[in-house]
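Visitor: From the sequence below, what's the structure:
(one chain, ligands or ions: 1)
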Amino acid sequence: MARPDDLYARYMAAHTAWAAHRTNCTNCRTRRPCPAGAQLVERFARLQDAYLQHQRNP
Ligand SMILES: [Zn+2]
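Guide: The predicted structure follows:
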């Protein structure tokens, strides 16, 4: 089980990675995420779920 601080840090890192990719990827901004973008979205969504889950059930 990850410590909450680690989870939050990974959640933020995933968000930053996705935001940075989207900034530079027209495909991700205007259409469906490209394969690389989709991986980043999935990772971000998974960490967000885990983080929010932890917030609800500390
Ligand atoms: Zn992309």
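
Visitor: ok, the residue sitting nearest the centre point of the chain - contacts?
Guide: The centroid of the chain falls nearest to Phe44 when counting by CA atoms, centre = their mean (1.6 Å). When contacts are counted by CB atoms under 8 Å, 6 or more residues apart in numbering, Phe44 is found next to 11, 14-15, 17-18. Bear in mind the C-beta positions are built from the backbone N, C-alpha and C, glycine included.

Visitor: Please spell out the ChimeraX selection for the buried subset of the residues you listed.
Guide: To isolate the buried subset of the contacts of Phe44 in ChimeraX, counting by 16 or more other CB atoms under 10 Å, use the following:
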select :11,14,18
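
Visitor: The helix or strand harbouring Gln39: how far from the chain's middle?
Guide: For Gln39, the host element (DSSP states H and E) is helix 35-56. How far helix 35-56 lies from its chain's middle: 4 Å, per CA atoms, centre = their mean, to the nearest Å.

Visitor: For the residue nearest to the centre of the chain, which non-adjacent residue is closest in space?
Guide: Ala14 (4.2 Å; CB to CB, 6 or more residues apart in numbering).

Visitor: for Val41, same thing?
Guide: With sequence-adjacent residues excluded and distances taken as CB to CB, 6+ apart, Val41 is closest to Pro33, at 5.3 Å.
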